[in-house]
Structures are given as structure tokens and as C-alpha cells.
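*Asks:* Pasting the sequence and the predicted coordinates here, then a few questions.
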Amino acid sequence: MTTALALTTTGRLLSGRERGRATRRRQQVSAGSSPARQAAHGHQGHLDSGREQRRLRGDVDRATAGLGANGQGALGDGTTTSRSLPGPVKLPKGTKAVAATVGQFHVLALTASGQVLPGGNNQAGQLGDGSTTSRLLPVRVRLPKGTRVRALAAGKLYGMALTASGRILAWGDNNAGQLGTDSVSQSDVPVRVPLPVGFTPTAIGAGLGAGTALAIGHQMRS
């Protein structure tokens with residue numbers, strides 16, 4: 001049994017669990033992608049379209065299956081009850097989601113205002129809210145003041161964000177150095193990833209298995 005997310009054209013985030021086979025696809029989640037053609041899933045989550053909830057069952061069938069389990073609250077509906085049909089994630093009132101991605105037992109949603117709302121398991125601080133308390137409802141990642149995020153990635157027990165200013169932030173488990181901070185200390189709040197001089201990131205990715213992370217971008221020649 002797996003966890004899947006779907007993003008509607010109106011910015012609602014729906015979650016559900018599906019038994020059986022799912023098509024495995026890998027595509028980087030980006031806030032620049034059209035939310036009307038996206039549905040979130042997986043440690044390399046992607047977004048797939050659905051205009052109405054009654055049409056989303058087929059969309060979830062086609063979405064890549066994640067490894068989240070609602071015993072950890074990854075569905076973001078305030079319960080630990082699994083579902084076989086999509087249902088709404090309980091985002092704060094007035095919040096519009098534009099992208100989302102799924103880790104092992106946690107989810108990250110990107111809002112239209114550039115904030116990040118996580119939920120689910122938080123044993124390694126992967127929700128980035130300054131605690132290791134798991135959440136059944138989405139909370140807010142403690143981003144540095146004035147930060148706007150434009151893309152997300154979720155690994156097994158960690159998260160990453162690409163900011164509008166071209167910085168990369170990471171938080172959560174760091175046992176293999178996946179946060180890129182030149183240490184193996186985990187962090188329950190986002191920390192800035194030091195980048196090579198002249199490197200401008202344009203996309204980020206995270207792996208579910210061996211704690212790997214990736215940034216793609218442009219390198220200015222000296």
C-alpha cells in the first residue's frame with residue numbers, strides 16, 4: 001500500500017492510498033510547472049492533473065506510488081486512517097498549493113506565496129519546523145525571514161528547497177551528509193547549502209535510498 005498526492009487546478013491538494021500496481025515515473029517537481037497538469041508523488045515526486053475530485057481516482061492510478069504510510073499522518077488530513085480514494089489535505093484556510101512532493105513517511109507542499117507546508121513523520125526533523133514531533137496536519141517549515149521557495153525535493157528523511165534568490169536550503173536527516181553542509185549532523189530547521197563559487201542552481205532532486213541529493217544549474221566560467 002502506498003501514498004499518492006494530486007494537485008487540482010484550484011490549488012487544492014488531495015491525498016489517497018492505493019493498493020496494487022502503479023506506473024513508476026520520475027520527474028522533478030517545480031513550482032514553475034503548471035498546477036493544472038501536475039500531481040505530486042514520490043521522493044522524486046511529480047504532479048499529475050485532475051480538475052475534479054471525481055476524476056482524480058484515475059489520475060492517482062497513473063501517478064508514481066510513494067512509500068508514505070498514513071500511520072505517520074502523511075495524508076495530512078488530521079488522522080492516521082488510510083484511504084483508497086483521494087481526499088483533501090487540510091491546508092490552512094486560504095492556502096493555494098502549487099507543488100508537492102513525498103518522502104518516505106512525510107510530505108512537503110509548496111504554496112503560491114512561496115512557503116513550505118510539511119506533514120507526517122518527523123523523527124529526524126524532516127518537517128523543518130524546529131522540532132522532531134510528527135504532525136497529522138500540515139505545519140510550516142521555519143524558513144529564514146523573507147525567503148520564498150520555488151521548488152521542492154523530499155528524500156527519505158529530509159527535505160530540500162530551492163529559493164527564488166537561487167539558494168538551496170536543506171533539513172532533516174544527515175547521516176550520509178545528504179544536506180550538503182560538510183557535516184553529518186541532522187537539522188530540524190532549514191540550513192543553507194554552501195554552493196561552489198559561480199554556480200547558480202536551477203533544479204534540485206533527492207533520493208529515497210542512500211541519502212543522495214542533486215542540484216542542477218549553471219556554472220559561471222572564471
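*Replies:* Alright, I've got the coordinates.

*Asks:* contacts and neighbour counts: CA atoms only from here.
*Replies:* OK.

*Asks:* remind me which residues of this structure are low pLDDT?
*Replies:* 1-6, 9, 16-69, 209-211, 221-222 (pLDDT under 70).

*Asks:* all helices of it, in order?
*Replies:* Here the chain has its helices, by DSSP state H, at 56-62.

*Asks:* I figured residue 136 was touching residue 71, is that so?
*Replies:* No: Residue 136 is not in contact with residue 71 according to C-alpha atoms under 8 Å; the separation is 9.4 Å.

*Asks:* Between those two, which contacts overlap?
*Replies:* residue 80 (C-alpha atoms under 8 Å, 6 or more residues apart in numbering).

*Asks:* who's more crowded, the two?
*Replies:* For residue 136 versus residue 71, neighbours defined as other C-alpha atoms under 10 Å are more numerous around residue 136 (23 against 15).

*Asks:* my read: residue 156 touches residue 208, true?
*Replies:* Yes: here residue 156 reaches residue 208: they are 4.5 Å apart, a contact under C-alpha under 8 Å.

*Asks:* More neighbours: those two, which one.
*Replies:* Legend: neighbour count by other C-alpha under 10 Å for residue 156 and residue 208, higher for residue 156 (24 against 20).

*Asks:* Quick check: the more buried one vs residue 213, distance?
*Replies:* 11 Å (C-alpha to C-alpha, to the nearest Å).

*Asks:* again, but for residue 145
*Replies:* 24 Å.

*Asks:* Neighbour count: these two, which is higher?
*Replies:* residue 213 (21 against 6).

*Asks:* My read is that the more buried one contacts residue 193, right?
*Replies:* No: between residue 213 and residue 193 there is no contact under C-alpha under 8 Å: 11.2 Å.

*Asks:* Report the set of residues contacting both of these two.
*Replies:* Shared contacts of residue 213 and residue 193, counting by C-alpha under 8 Å, 6+ apart, come down to residue 179.

*Asks:* for residue 78, what are its contacts?
*Replies:* Contacts of residue 78 by C-alpha under 8 Å, 6+ apart are 90, 136, 137.

*Asks:* Between the residues you listed, which sits nearest residue 175?
*Replies:* Using C-alpha to C-alpha, residue 136 comes nearest to residue 175 of these, at 25.3 Å.

*Asks:* Touching, residue 181 and residue 194? I think so.
*Replies:* Yes: between residue 181 and residue 194 there is a contact under C-alpha under 8 Å: 6.7 Å.

*Asks:* more neighbours, the two?
*Replies:* residue 181 (18 against 13).
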